[in-house]
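Student: What would the 3D arrangement of this be:
(one chain, ligands or ions: 1)
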Amino acid sequence: MAIGAVEAFRDLFPDSRDVQVVRAPGRVNIIGEHTDYNGLPVLPMAIDREIVIAFERTGNPGVEIANVDDSYPSVGFDLSADIEHYETGHWGNYVKAAGQAVWHWAAEHHPGAVPLFGIRGVVAGDIPQGAGLSSSSALVVAAACALIAANGLHIPKPELADLLASGERYVGTQGGGMDQAVTIMAEKNYALKIDFSPLRVRPIPLPRGYVIVVANSMVPANKTGAARVAFNTRVAECKLGLEMLKSHVRQRHPEIGNAALLRDFALAVPDWRAAVGHLPEMPMTLAEIADYSRISVDELGAKCLVQQDGTLLGEPESGFEPRKRCRHVLSEGQRVELAADAMEQGDAEALGRLMNESHASCASDYEISCPELDDLVRVMRRHGALGARLTGAGFGGCAVALVKEAESAAFTNNVWWSYYENGARERADGRNRDDILFACSPSDGAGLIT
Ligand code: GLA
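Tutor: Coordinates of the predicted model:
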């Protein structure tokens, strides 16, 4: 991958004198979905698929980046504190997100470095796109690492992970910090248990003799359009649910007013299950939630629905579902703790059970699965996976399965036949099998390749 990027760089910029290369891996999440932006832990691992950028520093704030895949047009812009967006969905927005974030960091911590030097470079990668394997965060991280190296900055890893987690919201998705943290802080051969605010990571090996197999449902998991609205709606529903829960327990827990995240609520109210059980079961309008929470609709909207561009998220036609969303997030946070313990004890069966429970909760309470993903995890379990679940944001993308290493070749053959080839589905869509169904081992975090 790196060699291809360097060759393409030399072809494109034959006058260059000094080329450097950065890499940033994709990731799968073993368990802990949609917990990160609620302050609750996740348990992902970096995979051995990556984005690389071969680059050289320019003498001014100009950034010029080409892609070896020419379906992605070259991007060119100047670094600044407020970089104008490309249209929604343009890949260059991820490079701009990195540029703007690093600029802000430098302006605050190292004002002498501003205006920053830009880079010219070429991007290459083998992380399947739109598959929920975090190729976009890998691009943000790789671009940031290139700019950091080009400007001789030093940003400690946890700080960089936080910076880029908020920096990536530039593209309009209200994601949490999992993708950037694991892409930056991963260690070879280990998954990472990640806790947030403050960011802390604990490397944990997979149970000995087991691997994670990734399979693409072939339903695109884009971060734009309807999927982005659906994602941001889940984020809002968690905040709305928190307001309702706080209102419900306020008399018994007067200190609860300070809880800003579902994590804070779970810490203050150990019996959170009972409180969630009291929330109305039916979908609710904003007005009903405001009424329950005893605050005005305007105040509630300002607290829970404001988007990155300052507009308010629209109310879904079918209503908000705070009870189900909170039940998923809070139970998922517990499953991550149990899964980390199971992994540390090498208990693959327990980990598999928790992965299955996580999928059920993602599907029924968080409603981020789809028929294809449900089918895929069933197929994976039928062929011997100890556990299987969707991974990442959902609404399509990939599933992960915990499989005995010795059986992984037979397992992938069987899943290939059952899910991709059997029947009239033609799901593989002519794509290379290794791009859609593969066993992966935990890889190292991002950095310069020397
Ligand atoms: C996306 C976001 C992450 C996380 C996952 C769901 O990948 O970028 O921060 O919220 O979805 O677990």
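
Student: Kindly provide the distance from the closest residue to residue 306 other than its chain neighbours to residue 360.
Tutor: Taking CB to CB, 6 or more residues apart in numbering, and ignoring the residues beside it in sequence, residue 306 has residue 312 as its nearest neighbour in space, at 6.2 Å. Using the backbone N, CA and C atoms, a C-beta is placed for each residue, glycine as well. Taking CB to CB, to the nearest Å as the measure, residue 312 falls 32 Å from residue 360.

Student: Give the burial count for residue 372, as a bare number.
Tutor: Burial measure for residue 372: 18 neighbouring residues, criterion other CB atoms under 10 Å.

Student: actually residue 63, not the one I wrote
Tutor: Under the neighbour criterion other CB under 10 Å, residue 63 is assigned a count of 28.

Student: Tell me which strands the longest strand belonging to the chain pairs with, and in which orientation.
Tutor: Under DSSP state E, the strand in the chain containing the largest number of residues is strand 43-57. Sheet pairing of strand 43-57 (DSSP bridges) gives strand 20-31 (antiparallel), strand 119-125 (antiparallel).

Student: Around the ligand, which positions in the stretch 151-300 of the chain sit nearby?
Tutor: By CB under 6 Å from any ligand atom, the part of the stretch 151-300 of the chain that sits against the ligand consists of 175-176, 178-179.

Student: ignore the last one, the stretch 351-450 of the chain
Tutor: Selection of the stretch 351-450 of the chain residues close to the ligand by CB under 6 Å from any ligand atom yields 392-393.

Student: and the gap between whichever residue of the stretch 1-150 of the chain sits closest to the ligand and residue 331?
Tutor: Ranked by CB to the nearest ligand atom, the top residue of the stretch 1-150 of the chain for proximity to the ligand is residue 33, at 4.1 Å. Here the criterion is CB to CB. By it, residue 33 lies 11 Å from residue 331.

Student: And the residue of the stretch 351-450 of the chain that's closest to the ligand?
Tutor: Checked against the ligand (CB to the nearest ligand atom), the nearest residue in the stretch 351-450 of the chain is residue 393, 3.5 Å away.

Student: could I get the strands paired with strand 43-57 as a markdown table with distance to residue 450, mean pLDDT and mean neighbour count?
Tutor: Shown next, in a markdown table, are the strands paired with strand 43-57 (distance: least, CB to CB, whole Å; pLDDT from 0 to 100; neighbours: other CB atoms under 10 Å):
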| stretch | distance to residue 450 | mean pLDDT | mean neighbour count |
| --- | --- | --- | --- |
| strand 20-31 | 8 | 98 | 28 |
| strand 119-125 | 17 | 97 | 26 |
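
Student: Quick check: which of those strands is nearest to residue 428?
Tutor: Judged by CB to CB, the one of the strands paired with strand 43-57 that comes nearest to residue 428 is strand 20-31, at 19.8 Å.

Student: Take that closest one, keep the C-alpha atoms, and write them as CSV.
Tutor: These are the backbone C-alpha positions of strand 20-31, laid out as CSV (Å, rounded to 0.1, in the frame of the first residue of the first chain):
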residue,chain,number,x,y,z
GLN,A,20,7.2,10.9,4.0
VAL,A,21,4.5,8.3,4.5
VAL,A,22,1.8,8.1,7.2
ARG,A,23,-0.6,5.2,7.8
ALA,A,24,-3.9,5.0,9.8
PRO,A,25,-5.8,1.7,10.2
GLY,A,26,-9.5,1.0,10.0
ARG,A,27,-11.3,-0.6,12.9
VAL,A,28,-14.0,-3.1,13.9
ASN,A,29,-15.9,-2.8,17.1
ILE,A,30,-16.1,-6.0,19.0
ILE,A,31,-18.7,-4.7,21.4
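
Student: And the strands in the stretch 51-200 of the chain?
Tutor: Under the criterion DSSP state E, counting those that start in this stretch, strands of the stretch 51-200 of the chain are mapped to 62-67, 75-78, 119-125, 191-195, 200-204.

Student: The ones you listed: which one's closest to residue 257?
Tutor: Across these, residue 257 has its closest neighbour in strand 191-195 (23.6 Å, CB to CB).

Student: So which elements touch that closest one?
Tutor: For strand 191-195, the packing partners by 3 or more CB pairs under 8 Å, 6 or more residues apart in numbering; DSSP states H and E come out as strand 43-57, helix 178-185, strand 200-204, helix 322-344.

Student: The residue of the stretch 1-150 of the chain closest to the ligand: what secondary structure?
Tutor: Three-state secondary structure (criterion: DSSP: H, G, I helix; E, B strand; the rest coil) places residue 33 in coil.

Student: Could you report the neighbour count for the nearest residue to it once chain neighbours are set aside?
Tutor: Spatial nearest neighbour of residue 33, excluding adjacent residues (CB to CB, 6+ apart): residue 362 at 5.5 Å. By the other CB under 10 Å criterion, the neighbourhood of residue 362 contains 22 residues.

Student: Check the contact between residue 362 and residue 35; I expect there is one.
Tutor: No - contact criterion CB atoms under 8 Å: residue 362 and residue 35 do not qualify, at 10.9 Å.

Student: any common contacting residues for those two?
Tutor: Taking CB atoms under 8 Å, 6 or more residues apart in numbering as the contact definition, residue 362 and residue 35 share the neighbouring residues residue 332.

Student: is residue 123 in a bridge, and if so with what?
Tutor: Here residue 123 sits in beta bridges with residue 53, residue 67, going by DSSP bridges.

Student: separation between the residue of the stretch 51-200 of the chain found nearest the ligand and residue 93?
Tutor: The stretch 51-200 of the chain approaches the ligand most closely through residue 175 (3.0 Å), counting by CB to the nearest ligand atom. Spatial separation of residue 175 from residue 93 under the definition CB to CB is 14 Å.
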